[in-house]
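Engineer: sequence below, structure please.
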Amino acid sequence: MTIDKSISSFFSLAIITLTIVGLVYGKALLIPFALAVMVWFLLNALANFIQRLTNGKWIIPNWISLTMSLLIMLGLLVLVIEMISRNIGEVIETAPMYQKNIEVLFGDLLESFGLEKLPSMMELAKQVDIKSALSRVAGSLTVIAGNTGIILIYVIFLLLEQRSMESKLDALFREPGRRTKIHQILSEIQKDIEAYIAIKTLLSIATGLLSYIILIYIGVDYSEFWAFLIFLLNYIPTIGSLIATIFPALLALIQFESFTSSLIVFVSIALIQFIIGNIIEPKMMGRSLNLSALVVLLSLALWGSIWGVVGMFLCVPLTVILMIIFTNFEKTRPIAVMLSANGKIDKIR
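Structural biologist: Reported below is the predicted structural model:
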């Protein structure tokens, strides 16, 4: 018995180790596919929303609602790519002006402390090569745009595969009881992930739109780009909101050479983030995800260290999937309890 238990523990450890190694070294292949799966969930959520718009008066076929949601997604993608390309070009052109403003800000800051005679600080300001940094960012975005094509191909094949998925599962699991349980687990995963992605997307749009109004009113350059960045970063738990608040505030500081304008931008966007993230979002999400806040933070660090920024975006959906799977197997059920917010988990029977 002891030997069997040791062998079982060894194989479990070996599987975990191989999984982590595969996630790290196979990320070039896995990251586009994982993003495609999240887009697939979002498309299904959007398709379900389109079907609900009819109020039951007439039923839109599933393939039509999926096609409509895919066309909407592609249209938005084209608009985003056009906006990013245009803004990056404009920022690179105005980079010398921003660099000059940084030098002036450093000079004013040093002068306010009576340190204007320290040339090293001024030289440091001059060494900040904004144009070069923005060019590197543009190169990174080009790589992401290249992966977008691969992601779209994965999404299309996932949409084609989902029609035959149920019949494949029926053929794979012959025993009725086990087949029913597998269907229920997958249905639970799909329901929770779709709900999370739909609500998070809606609230991220609201956050980006309200921030855009604030930035336009204040007159911050490239407001639409910053609003889009705020929308994206809102998917990253905890630190995403902080980063999304700091970036526009820094640009306002450089653009207006005024700490007051920068503070107004920071406080306004932070207030929007706080109201939506801490008051509205918990009410809309409810306790459906039932994830511990500490677990979310740890999963953010874990997936971020494995897959970088993409891992931060995907940390909550991936943790939800793991929790649902762990809940429905006796050996892993204690892990699900530890992942939950209140220790109460519902096992699918």
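
Engineer: thinking residue 40 is in contact with residue 156, fair?
Structural biologist: No - counting by C-beta atoms under 8 Å, residue 40 sits too far from residue 156 to count as a contact (9.6 Å). Bear in mind the C-beta positions are built from the backbone N, C-alpha and C, glycine included.

Engineer: what's the spacing between residue 267 and residue 273?
Structural biologist: Noted for residue 267: a distance of 11 Å to residue 273, by C-beta to C-beta, to the nearest Å.

Engineer: quick one: which of those two has more around it?
Structural biologist: Legend: neighbour count by other C-beta atoms under 10 Å for residue 267 and residue 273, higher for residue 273 (21 against 13).

Engineer: where does that one land in three-state SS?
Structural biologist: Three-state secondary structure (criterion: DSSP: H, G, I helix; E, B strand; the rest coil) places residue 273 in helix.

Engineer: again, but for residue 236
Structural biologist: The three-state label given to residue 236 by three-state DSSP is coil.

Engineer: isn't it up against residue 311?
Structural biologist: No - using C-beta under 8 Å, residue 236 is not in contact with residue 311, being 9.7 Å away.

Engineer: tell me which element the most centrally placed residue in the chain falls in.
Structural biologist: With distances taken as C-alpha atoms, centre = their mean, residue 313 lies nearest the centre of the chain, 2.9 Å away. Of the helices and strands defined by DSSP states H and E, residue 313 is found in helix 293-327.

Engineer: mind listing what's buried along stretch 259-266?
Structural biologist: Judged by neighbour count using 16 or more other C-beta atoms under 10 Å, the buried positions of stretch 259-266 are 261-262, 264-266.

Engineer: you'd agree residue 329 is in a helix?
Structural biologist: No - checked against three-state DSSP, residue 329 lies outside a helix; its state is coil.

Engineer: what's the burial count for it?
Structural biologist: Applying other C-beta under 10 Å, we find 12 residues neighbouring residue 329.

Engineer: next up, phi/psi of it, please.
Structural biologist: phi -130, psi 130 (degrees, to the nearest 10).

Engineer: circling back: who has more neighbours, residue 40 and residue 156?
Structural biologist: The residue with the greater number of neighbours, taking residue 40 and residue 156 and applying other C-beta under 10 Å, is residue 40; the counts read 24 against 13.
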